[in-house]
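> here is the input, now give the coordinates:
(2 chains)
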Amino acid sequence: MSEPQHTAEETRAGESDEFARCVRALAVWVESLPAWPPAASIAELWQEVGPRLTASLDELGRPLVVGVLGGTGTGKSTLVNALAGRDVTEASDVARPTTVRPVVVAAADADLSWFPAKAIGATVVPTDAAAVAEIVLVDCPDPDTQGDTLPADGRPPQVASGDLGNRDRLEQILPLCDVLMVVSTAQKYRSFRVARELAAFAPGRPLLFVQTHASRDPDIRDDWKQDLERQGFVVPMIYRVDGLEAFRHVQRGEPVDPAFAELQTAIAGELACRDADRLRRNGGLELAGWFLDRGHERLAPIRGPLDELLRGVSRETQRLEALLVDGIARQLRQARLGWRQLAGRELEQQWQGGAFGWFLQLVRQVAGWLPKSRRQLSGLVGRTLAGQVPSLTVSDGPAAAAADDPLEEALGLDDAEVEQSRSVLAGLARRAAMEAPAIQAARPQQPSEDAAVAMALERAQRWLTTGIRKAAAGCRTRLETTWLRVGLELLFDAVLVAVLARAAWDFFHGRLWLGESRGGLITEAVVWLVLWGLALRQAAIAWAARGVEREIGQLAASLREADLIQPFLADFAASARSADAVLHDHQRQQEAWRSLSATASSSRNLARLTSGGDTSVGPPS
Amino acid sequence: MDQTPSTYAAWAERVAALCAAVEALDAAATGIGADSSEDAAWRGQLFEKLRPQVAGEPVLVAAVCGGTNTGKSLIANALAGMPLSRSILEAARTRHPVASVPQARASQVDMAALFPGFSVRPWMSDDDALTDAEEHLLFVRPETTGHQPGWLALLDTPDIDGTLRDNWARAELVRNAADLLVAVLTQQKYNDAAVREFFQEAARAGKKVIVVFNMLEWPEQRPRLAGWLAGFAAGTGVRAEAVFVIPWDRQAAEQGEPRFYDVSEELGCGDAIGRADAQPGGLTGRAVVERLAASNYLEVKWEAMRGALQVVVDADHGVPAWLDRLVQMAEAWRAACGLLARRVTVSIMLPPVPRELVWNEVWAWLEPKRSGFDLTVSRVYRVAGRGLGWAGRRLGILPDQAQRQADHAAEELSALKAALGDFLDRLTTAAREHPQLEAALKPVLTDGDRQAWFDELARRHAAMPLISRDYTTFVREELDRFERDNPGTVRLILTALNVGAVARPAVTVGLGLAGAAVVPPAAAAAGGLSVFVHNLGDLVVAAAASLAGETALEATAAGIKPLLERLFAGWAAERGDLLATMIHEVVMGDTLEQLESRADMGRRLEIEEARRLVAQLTADLARGEPA
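Sure thing, here's the model as predicted:
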């Protein structure tokens, strides 16, 4: 017999571990929410819900606090007296409202050190009644005699000390309650103000509905149940008692009528200490479910706009990238001269040794002496090719003249296009409830714009340097082709040898042997040799540069991988992603809690608020 | 007493005029941000009481009101002496009011006019009032027994405190129209906030109230009555004309024959609605109405009409306070418009004008008029210039004209796009500073399809010719005028033409709203230039151009430089117009008109008219009793 019980207890412990884990995970999620307004409103709601959920983890073993909630004159105090078995709280018809200060009824030996009775101005009354032995019963003030606004010509009557009305006091007490006993009569069960208060405090609290004045009022339980179900409550049972008669019976020591006895049994059976933790946990599950449903209400309308924003970010990124590719490709093509110079430099560095190599070095030396008159190359491509490191501070250096649009100058991307994209995204972001400061304006502030441009330039330069290095390596490979080297060397050497041979023949045979005086060959030979060398050099460069054309094409195509546009739209992308994560995580939380709730056992007699109800009776503002 | 109706009639014209003024203001005041809930009281009295009841035969409207399940229908049926609305155990089942009107009167009185807000239906059965319809219905049952006086309309109403808010609204409409209320109270509900608030309004509007305490333990609770009534009176300001008690008696309730015990005397009520001899078994509902029939109903009616007017003209909570609030809100909107006008000004950085465009226009005007040496010299310049241009293009130093114009168009579009982005940014920033603007501009900033705007801008720009017919006309008019004003100096234009002055235009587009400086600051800051300003709906376009680079022009007679600047500025303004028109037609829609109409609210004639009428009605009220 003890074996299965043991297992059941273990299961329960396992469930509560799982519950604790889920509460902690939920808390961590809420902590990590961004400042995005829909998320912030969820975090705000958590301010109320969070402490209750975490408290349900800590307060293991303590008795349940049962608050008696109902309109004035419905017999709350009479019912409390009947349950307590003696006159613990004033119940009368002299003047409404009767109960102003709450009365707390608990077993005489109960430890109430954890209950802030003083803070809420409550009187604590001990009792030995069996029905209240294992709970703490609180007779609350009514929610319906206090006006929403104090009337202009004076205060409502019978306002107790301080500025608090009865509803204010009630709203201090209800958060402390674990269970609500909702008391009503035929006159009051459809009262708006009571319903409003109930809707605000029902989430996560098991409920016990009681119709009083049974001996006089008709039985309205069916209609009440319908009305409650319309508001989203699940009501398995409404008790119908007559508090006054029950109290008379109890006082006289007579047996109470069956309906009242049923209520007593329900309290003793369902709300006893041994079930307190389970009830609190069930309440916690419902509360978390309610909280996540409210979160869903806030997030669901954002789903569409957020998807639109995410699509917008990728669409605008692609649009700008396409424009950038066009711009840079144009620059790359315009920088032909630069590519040739690159090929020339490669050639000069590569060709060491040999007569042709010696000739190339000579050309380089001579070119070094010539005044530098080559055309200033513009744009990032041109400057990088020319071996200048483009300045990252946009207004310095050779770009200063075009500093009013560094993007245009350096990357061939029009500033206005970036602004258009940002403006379009700003509109989409507003629809997804995103506002400054998460989202910057379409025209970014100067420092952040400079930073974005600098970042883009840095990335562009890195990408370009890699590309150029690759192109240079391509050049090198082409120049390293053996037949090219051998061929060019042979062609140059052949002429050189021929000239030298002819010069030698002329000198030895003609001048020295025959004594002829023939001149001019050397000058002519040098001229033609230089021209021949230069022609070969051009041919080599043309050969090397021919491959570069292909490299340029590949380079432009690889631009998308460089992610150059990212800095300009980074804030939108980041905000959209973080909002998207909120929605995803919320869904995950909801699934986790749903599967946890599926394991909860529902009570036979207690009512509860489900989330899918009519919320037209909202919480008090 | 017979003059009383004619006194209402004297008010009738003013009340009608006041209603018209209020309605006209209401139409314009939508969205102005005045909280309409504060106006509920005087609106109710003006539109639901005074307007329908100020003319015509007076009918005393008596309504049975109270919380859910307090027995209103039972009492109303008893008073009417016939079933109006079925009395049901469950709460909040009477959904629509039912009126009992004497047969003789039913044909004369236009109930639909008497109860605005309701759609009036003939009564078919006592289930009518339970109909679950969203529309406010009012069922009229002609009274045939003859015991109800001809001047009395008796109504049963829905509850005032249940979860169905439509019921409250219907009860409030009936209460506003009523002269006399039968307040059904119980020991559970006499001090409920919802009940108190409902009857507070009635007390403020001078309506008479008969209190009926229902479902009492009788006579056990008799000693409680004075305290309860005092509590109710303190909470609502109601001075009960009479107090009846209906003891709790299930049998009587089931038979529909509750007994009314008159406790008015012991509770110290007045005798405005008469007294009846104490009956040991209590009165029937019919007897209560008979007593009511003996009272001076015109007096009650007159008090209620006065009370209603009092609420309407009340300086702190009536029409005057509303008018003050409107003026105040309008000022806030004016300030908001001023903020927009100051902040939302964008300058468009247009590329330099392709100078041959303007010059060609000038030349086209000039050529047929002039002859002689000047013209020859100019032609030489022109031909030489063309030649140089041709040579330059051939050598690839100068780009060809088509390419240049395409580049110019691209640069211009980019400037316009940047300006549109800037405009939206500035609008956003302004809205952020002003919560009212944030809401008013939401249709633009949040709901607007910005992608479509940029596309539309590009489309319009592509469709716009470089030189429009308007501009050609403008140039000709300007030059004609210049020639008229400065005869003999047209030669100078040729000088300018030959020097080839180039202009850098500056265009700004701003919002020309109430409180705006007419010249947007950026244009004014260009300093000492001729500024070209014109309005385009709610937008202002200003353009300025500064001629650069020729001291030769400085030396010439005054007049030529401003003329040329104007010609260039005019061209630039036309480019700015493109953006302004686009913003006006596509981006802003009617938002700016709305803002302006809100800002102008405080200056509307209806406000003064309404104030005058209120003053007259206040004077009428002070005159006291009807003559």
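
> B:V120 belongs to a strand?
Yes: judged by DSSP: H, G, I helix; E, B strand; the rest coil, B:V120 forms part of a strand.

> okay, helices next: where are they in the stretch 401-550 of chain A?
For the stretch 401-550 of chain A, the helices defined by DSSP state H, counting those that start in this stretch cover A:406-411, A:415-431, A:446-479, A:482-505, A:521-557.

> any chance of these in CSV, plus mean pLDDT, distance to chain B and mean neighbour count?
C-beta here means a position set from N, CA and C on the backbone, and glycine is covered the same way. As requested, those are arranged in CSV below (pLDDT from 0 to 100; distance: least, Cβ to the nearest Cβ, whole Å; neighbours: other Cβ atoms under 10 Å in any protein chain shown):
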stretch, mean pLDDT, distance to chain B, mean neighbour count
helix A:406-411, 71, 9, 23
helix A:415-431, 89, 4, 25
helix A:446-479, 78, 12, 17
helix A:482-505, 85, 33, 14
helix A:521-557, 81, 21, 16
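
> surely A:A131 and A:I267 touch.
Yes: with contact defined as Cβ atoms under 8 Å, A:A131 reaches A:I267; the gap is 5.2 Å.

> neighbours around the residue nearest to B:Y8 when sequence neighbours are not counted, how many?
With Cβ to Cβ, 6 or more residues apart in numbering or on different chains as the criterion, B:Y8 has its nearest non-adjacent residue at 4.8 Å, and that residue is B:V54. When neighbours are defined as other Cβ atoms under 10 Å in any protein chain shown, B:V54 has 23 of them.

> B:V54 touches B:R14, doesn't it?
No: counting by Cβ under 8 Å, B:V54 stays clear of B:R14, with 9.1 Å between them.

> which one's the longest helix in chain A?
Taking DSSP state H as the criterion, chain A has its longest helix at helix A:273-334.

> so what's the residue nearest to B:Y8 up against?
Neighbour list for B:V54: B:Y8, B:A9, B:W11, B:A12, B:V15, B:A16, B:M305 [criterion: Cβ atoms under 8 Å, 6 or more residues apart in numbering or on different chains].

> want to try JSON lines for the helices of the stretch 401-550 of chain A, with distance to B:R598 as columns?
Listed next are the helices of the stretch 401-550 of chain A as JSON lines, based on distance: least, Cβ to Cβ, whole Å:
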{"stretch": "helix A:406-411", "distance to B:R598": "41"}
{"stretch": "helix A:415-431", "distance to B:R598": "22"}
{"stretch": "helix A:446-479", "distance to B:R598": "35"}
{"stretch": "helix A:482-505", "distance to B:R598": "81"}
{"stretch": "helix A:521-557", "distance to B:R598": "54"}
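
> of these, which is nearest B:P505?
Nearest of those to B:P505, taken as Cβ to Cβ: helix A:415-431 at 17.5 Å.

> could you tell me the angle between that closest one and helix A:446-479?
Angle of helix A:415-431 versus helix A:446-479, following axes from the mean of the first three to the mean of the last three Cα atoms, to 10 degrees, is 120 degrees.

> which residue ranges of the chain form strands?
Because you didn't say which chain, this covers chain A. Counting by DSSP state E, chain A has strands at residues A:64-69, A:103-107, A:123-127, A:135-139, A:179-184, A:207-211, A:233-234, A:238-240, A:608-609.

> wrong chain, I was asking about chain B
Along chain B, counting by DSSP E, strands occupy B:60-66, B:98-102, B:119-122, B:137-143, B:152-156, B:180-185, B:208-216, B:240-247, B:261-262, B:345-348, B:502-511, B:531-536, B:539-548.

> now the shortest one: average pLDDT?
Translated: strand B:261-262. Taken as a whole, strand B:261-262 has a mean pLDDT of 90.

> give me the sheet partners of it and which way each runs.
strand B:240-247 (antiparallel) (DSSP bridges).

> please identify the buried residues of the strand it pairs with?
Applying a neighbour-count criterion of 16 or more other Cβ atoms under 10 Å in any protein chain shown, one finds B:A240, B:E241, B:A242, B:V243, B:F244, B:V245, B:I246, B:P247 buried in strand B:240-247.

> residue of chain A closest to chain B, please.
Residue nearest to chain B within chain A: A:G73 (3.2 Å; Cβ to the nearest Cβ).

> ok, now which ones touch that residue?
Shown in contact with A:G73 (Cβ under 8 Å, 6+ apart): A:D93, A:R96, A:T185, A:Q187, A:K188, B:T186, B:Q187, B:Q188, B:K189.
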